[in-house]
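[1] Sequence and computational prediction follow.
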Amino acid sequence: MAKKAKTPADTSDAPKAAATESVARNPHVPEPKVILPDDKLIEMYRQMLLIRRFEERCAQQYQLQKIKGFCHLYIGQEAVAVGSVAALEPKDYIFQTYRDHGHALIRGISARETMAELFGKATGCSKGKGGSMHLFKASAGMMGGNGIVGGHVPLATGVGWKAMYNKTGEVVLCYMGEAAVNQGVFHESLNMASLWNLPVIYICENNLFGMGTAVHRASAEKDLYMRTAGAYRIRGVRCDGMDVLDVYKTTKEAVERARTKGRPTFIEAVCYRYRGHSMSDPATTYRTKDEVSIWQAKDPMVRLQEQFPGVFTEELLGDMEKEIREIVQDSIRFAEESPFPDESELWTDVHVDYPGYPGPKAN
Amino acid sequence: MVEMSFREALNKALAEEMERDSQVFLMGEEVGQYHGAYKVSQGLLERFGDLRVVDAPITEAGFVGLGIGAAHVGMRPVIEVMTFNFAILALDQIVNNAAKLRSMSGGQFEVPIVIRGPAGAGGALACQHSQSLEQQYVHIPGIKVVMPSTPDTAYRLLKSAIRDPDPVIFIESEKLYNMRGPVTEDPENLWPIGKADVTRPGSDVTIVTWSRMLTAVALPAAETLASEDGIDCEVIDALSLSPLDLHTILESVKKTNRCVIVEEGWPKVSVGSWIAAEIGLKAFDHLDAPIERINQKDVPLPYAFNLEEIALPRPADVVEAVRRVCYAK
């Protein structure tokens, strides 16, 4: 573990905003949407870096065929997961799509357990049975990645039902891609969530393409956040998904509303995936390289650095890079060395086992 | 034993399980103020309140999915579908979520949900409202499928289904709701999922059936065969289609050496075709005749009363099939 870089926050009790203002900020960089303590900013940056480096190595391991099947990388969208998860409490729940590595890594699933799952190993978070699209951890409220577009939206609504029914105060964060908002179950779920005051935050990661179909070619109302207020009396808000603090601030407000008033919110976080839809998509036919470059110029990590130049010193960034690279390298080593599930595992986790129950093998 | 209707037996089981466990709730179309499209939930709203007896919008995929979500965080939802014809709209939720969550999470979640409602021909309801679709669910690993045939099995199986940690598809027959019969008075006398019932012991031929076909077709046929032909049928009520009590079926076939399968639904890729295949594989040497299957004719069920009648299995069809496998007449 690399030694932590010194930042103003480590040496001063002065108000955090004042501490960071001592270094001049580029006037072309958007103002931070919210001021947080330096250690929180650093942790957000660190989480984004972890996701990015992890995903880069995933691409490499996929090419080496250590990871197979469908593999959807989160590179470019890191600010959405990081900013929104930061607004939650440990007792809250998260539902993801199949593009779920990033959320897993920052919400209770270690890099080792995640990489091992991608390798299909017994030490993976889902015992190797779920793979890239199905990362679960019940103890952390990680309710899994779902492989059907929009298929998990009613499930998240049902967990909201449980929180309302038992008055336990949990909030549910339900991620989806922008293509999911055209699915029937999305509308069915929002209708019920509003009707019954369920504490669910539907967060739409609008990365502008459902696979290769641009949002304006798929959605008659391309301002997605406009779709929920009139139809379901659910507040719809848009935030900059390339700005981790905007995502944080927007989600935080929604979480407060859900927790205190039981009202759902729909958040549209506009972002961009730098890579293809999945590892098998070179993303060459439906968008241009120039477009990718324009979005890369808004990179959420660069922006955070530029917003707080006094916090993100070269020394800190260098140490962090070393630390993250080692975590990711260690996860690959761990996944590599872990065993595949025992063949007897084929017959487990299908139904509950109880005395006298014949089990799937009997049929 | 106390006599009651099939509908009352279901109502009693629901009320007792809701009383026993605060996490049991009933949700579905018209289950509350309307007292259920088939009056199964009569009086439950008044007794348990609108948080536990919930009128859902007509949004099958939505409220079935909501139930699955609530189930995998520890609740025990009973989701009523007005008929299983409408549950087709929720099939993605059942197949891709209810059946998969335990497995794809490596055993971290279980889904103790019951999805129940009527199916099958209800009497001149035409083709969209008359289907027997149990094979859709039996095909899928990760869910259980039960179909009661009497008030007693309805009561005892529903309680088992609600207490079961897995998703259970509980299919009632629309035509059985008014059927009356004796029901156990012991609230803990549950019928285990995975167990068939030898309803009528016999020695000459095995008739395998389930749901309404038991009392409407198989048993009347068995009585005719006993009185007219002296053929002694053993009638097995499968009750649980997944897991299936294949052991009881095979032991019977090994004894009688003949088998007729009676199924309300269509013949292709059906539960009956699967049972026939299993018998062929595992009891071939015991068979003295080909297995016969009686099914609904392979057409969308017409509305016209006379056409509906000839499309559905009738006792006479079974009598003829049994005579064929016994080489009688």
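    That came through fine.
[2] Mind jotting down where the helices sit in the stretch 201-350 of chain A?
    A:215-218, A:229-232, A:244-261, A:289-296, A:300-307, A:314-337 (DSSP state H, counting those that start in this stretch).
[3] The ones you listed: which one's closest to residue B:251?
    Smallest distance to residue B:251 across the helices of the stretch 201-350 of chain A (Cβ to Cβ): 48.3 Å, for helix A:314-337. (C-beta placed from N, C-alpha, C; glycine too.)
[4] so that closest one versus helix A:300-307, what angle?
    Calculated by axes from the mean of the first three to the mean of the last three Cα atoms, to 10 degrees, helix A:314-337 forms an angle of 160 degrees with helix A:300-307.
[5] and helix A:314-337, what does it pack onto?
    Helices and strands touching helix A:314-337, by 3 or more Cβ pairs under 8 Å, 6 or more residues apart in numbering or on different chains; DSSP states H and E, are helix A:38-63, helix A:111-118.
[6] try it again with 10 Å
    In this structure, helix A:314-337 makes packing contacts with helix A:38-63, helix A:101-106, helix A:111-118, helix A:300-307, judged by 3 or more Cβ pairs under 10 Å, 6 or more residues apart in numbering or on different chains; DSSP states H and E.
[7] Rebuild the helices of the stretch 201-350 of chain A as a markdown table, extending it with mean pLDDT and mean neighbour count.
    Formatted as a markdown table, the helices of the stretch 201-350 of chain A follow (pLDDT from 0 to 100; neighbours: other Cβ atoms under 10 Å in any protein chain shown):
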| stretch | mean pLDDT | mean neighbour count |
| --- | --- | --- |
| helix A:215-218 | 95 | 14 |
| helix A:229-232 | 95 | 14 |
| helix A:244-261 | 98 | 21 |
| helix A:289-296 | 95 | 12 |
| helix A:300-307 | 96 | 20 |
| helix A:314-337 | 98 | 16 |
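[8] Out of the helices and strands packed on helix A:314-337, which gets nearest to chain B?
    Chain B sits nearest to helix A:111-118 of all the helices and strands packed on helix A:314-337, at 8.6 Å, using Cβ to the nearest Cβ.
[9] returning to that earlier point: please name whichever of the helices of the stretch 201-350 of chain A is nearest to residue A:52.
    The closest approach between residue A:52 and any of the helices of the stretch 201-350 of chain A, judged by Cβ to Cβ, belongs to helix A:300-307 at 7.3 Å.
[10] Figure out how far the closest one is from the centre of its chain.
    How far helix A:300-307 lies from its chain's middle: 18 Å, per Cα atoms, centre = their mean, to the nearest Å.
[11] Can I get it as PDB, trimmed to CA atoms?
    Output of helix A:300-307 as PDB, limited to C-alpha atoms (Å, rounded to 0.1, in the frame of the first residue of the first chain):
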ATOM      1  CA  PRO A 300     -14.900  13.200 -15.000                       C
ATOM      2  CA  MET A 301     -11.500  12.600 -13.400                       C
ATOM      3  CA  VAL A 302      -9.800  15.400 -15.300                       C
ATOM      4  CA  ARG A 303     -12.600  17.700 -14.400                       C
ATOM      5  CA  LEU A 304     -12.400  16.900 -10.700                       C
ATOM      6  CA  GLN A 305      -8.700  17.500 -10.800                       C
ATOM      7  CA  GLU A 306      -9.100  20.800 -12.500                       C
ATOM      8  CA  GLN A 307     -11.800  21.800 -10.100                       C
END
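[12] In terms of secondary structure, what does the helix ranked longest in chain B contact?
    What stands out as the longest helix in chain B, according to DSSP state H, is helix B:6-20. Here helix B:6-20 touches strand B:2-5, strand B:24-28, helix B:44-48, strand B:76-80, strand B:114-119, helix B:151-163, strand B:168-173, strand B:180-183, going by 3+ Cβ pairs under 10 Å, 6+ apart.
[13] Name every strand pairing with the second one and say which way it goes.
    Based on DSSP bridges, the pairing partners of strand B:24-28 within the sheet are strand B:53-55 (parallel), strand B:76-80 (parallel).
[14] Output the below-cut-off pLDDT ranges for chain A.
    Filtered on pLDDT under 70, chain A yields the residue ranges A:1-25, A:353-363.
[15] quick one on the thing from earlier: can you tell me which of the helices of the stretch 201-350 of chain A is nearest to residue B:126?
    Among the helices of the stretch 201-350 of chain A, helix A:229-232 sits nearest to residue B:126 (Cβ to Cβ), with 33.0 Å.
[16] packing partners for that closest one?
    Using 3+ Cβ pairs under 10 Å, 6+ apart, helix A:229-232 sits against helix A:184-195, strand A:235-240.
[17] switch to 6 Å and redo it
    Packing partners of helix A:229-232 (3 or more Cβ pairs under 6 Å, 6 or more residues apart in numbering or on different chains; DSSP states H and E): helix A:184-195.
[18] do you know how far the residue positioned nearest the centre of chain B is from chain A?
    Residue closest to the mean C-alpha point of chain B, counted by Cα atoms, centre = their mean, is residue B:147 at 1.6 Å. For residue B:147, the distance to chain A equals 16 Å [Cβ to the nearest Cβ, to the nearest Å].
[19] That residue contacts residue B:213, correct?
    No: with contact defined as Cβ atoms under 6 Å, residue B:147 does not reach residue B:213; the gap is 9.6 Å.
[20] Now do the shared contacts for those two.
    Counting by Cβ atoms under 6 Å, 6 or more residues apart in numbering or on different chains, residue B:147 and residue B:213 have no shared contacts at all.
[21] which residue packs closest to whatever residue of the stretch 201-329 of chain B ends up closest to chain A, ignoring adjacent ones?
    Minimum separation of the stretch 201-329 of chain B from chain A (Cβ to the nearest Cβ) falls at residue B:243, amounting to 5.2 Å. Computed as Cβ to Cβ, 6 or more residues apart in numbering or on different chains, the closest residue to residue B:243 that is not its neighbour in sequence is residue B:194, at 4.3 Å.
[22] check contacts around residue A:97.
    A:175-177.
[23] Which one of those sits in the busiest neighbourhood?
    residue A:175 (30 neighbours; other Cβ atoms under 10 Å in any protein chain shown).
[24] Tell me the residues of chain A that contact chain B?
    Selection of chain A residues close to chain B by Cβ under 6 Å from any Cβ of the partner chain yields A:126-127, A:129-130, A:134, A:136, A:138, A:144, A:148, A:151, A:154-155, A:157-159, A:161-162, A:185, A:188-189, A:192, A:349-352, A:357-358, A:360.
[25] If any of those are buried, give me the ChimeraX selection for them.
    Only the buried members of the residues of chain A next to chain B end up in this ChimeraX selection, burial being decided by 16 or more other Cβ atoms under 10 Å in any protein chain shown:
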select /A:126,127,129,130,134,136,138,144,148,151,154,155,157,158,159,161,162,185,188,189,192,349,350,351,357
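[26] Just the ones in strands from the residues of chain A next to chain B, please.
    residue A:144 (DSSP state E).
[27] Out of the residues of chain A next to chain B, which sit inside helices?
    A:154-155, A:157-159, A:161-162, A:185, A:188-189, A:192, A:360.
[28] which one among those residues gets closest to residue B:295?
    For these, the closest approach to residue B:295 (Cβ to Cβ) belongs to residue A:360, at 26.1 Å.
[29] any idea how far residue B:16 is from residue B:185?
    Applying Cβ to Cβ, to the nearest Å, the value for residue B:16 to residue B:185 is 12 Å.
[30] who's more crowded, those two?
    Shown here are residue B:16 and residue B:185; by other Cβ under 10 Å, residue B:16 has more neighbours (17 against 8).
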